[in-house]
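Engineer: Predicted model, plus sequence, below.
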Amino acid sequence: MQNKKDSIEYCILCGVDTGYKFSDHIDFRNGYVEGAGQLCRSCYNNPQDVDVSFKVTENFIKTNSNDQDLGEKIRRIYWKIKEKLS
């Protein structure tokens, strides 16, 4: 079984293989959005074609104390992605 650090990262917006492994340091990647995840080359280079969406894990939902905090954190991630794409 392959461990997580050797597995491939998929684009947080469109789901395609980004060509990066989890073990690749983020300082040496293109299209990584801190706090959100990895974008593929297409989503990163063509932001006008991207409808921003991303996955929120069950653990992320369960570890936030209330709906207001959860909404604030999700909105913060959304704006980080939009900023990175502009």
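Structural biologist: The structure has been received and is ready for your questions.
Engineer: Check the gap between the nearest residue to residue 7 once chain neighbours are set aside and residue 55 for me.
Structural biologist: Nearest in space to residue 7, with sequence neighbours left out and distances taken as C-beta to C-beta, 6 or more residues apart in numbering, is residue 22 at 5.9 Å. Bear in mind the C-beta positions are built from the backbone N, C-alpha and C, glycine included. As judged by C-beta to C-beta, to the nearest Å, residue 22 and residue 55 stand 15 Å apart.
Engineer: ditto for residue 21
Structural biologist: Distance from residue 21 to residue 55, by C-beta to C-beta: 19 Å.
Engineer: what sits against the residue nearest the centre of the chain?
Structural biologist: Nearest to the mean C-alpha position of the chain, by C-alpha atoms, centre = their mean, lies residue 37 at 2.5 Å. Counting by C-beta atoms under 8 Å, 6 or more residues apart in numbering, residue 37 touches 9, 12, 54.
Engineer: From residue 71, how far out is the first one?
Structural biologist: Taking C-beta to C-beta as the criterion, residue 9 is separated from residue 71 by 26 Å.
Engineer: Can you tell me how far residue 6 is from residue 84?
Structural biologist: 26 Å.
Engineer: where does the protein have low pLDDT?
Structural biologist: 1-5, 47-51 (pLDDT under 70).
Engineer: which helices and strands does the longest strand along the chain pack with?
Structural biologist: For the chain, the strand with the greatest residue count under DSSP state E is strand 17-21. If contacts are counted by 3 or more C-beta pairs under 8 Å, 6 or more residues apart in numbering; DSSP states H and E, strand 17-21 sits against strand 8-10.
Engineer: now the strand it packs on: how far from the chain's centre is it?
Structural biologist: 10 Å (C-alpha atoms, centre = their mean, to the nearest Å).
Engineer: Adjacent strands (with direction) for that strand?
Structural biologist: Within its sheet, strand 8-10 is paired with strand 17-21 (antiparallel), according to DSSP bridges.
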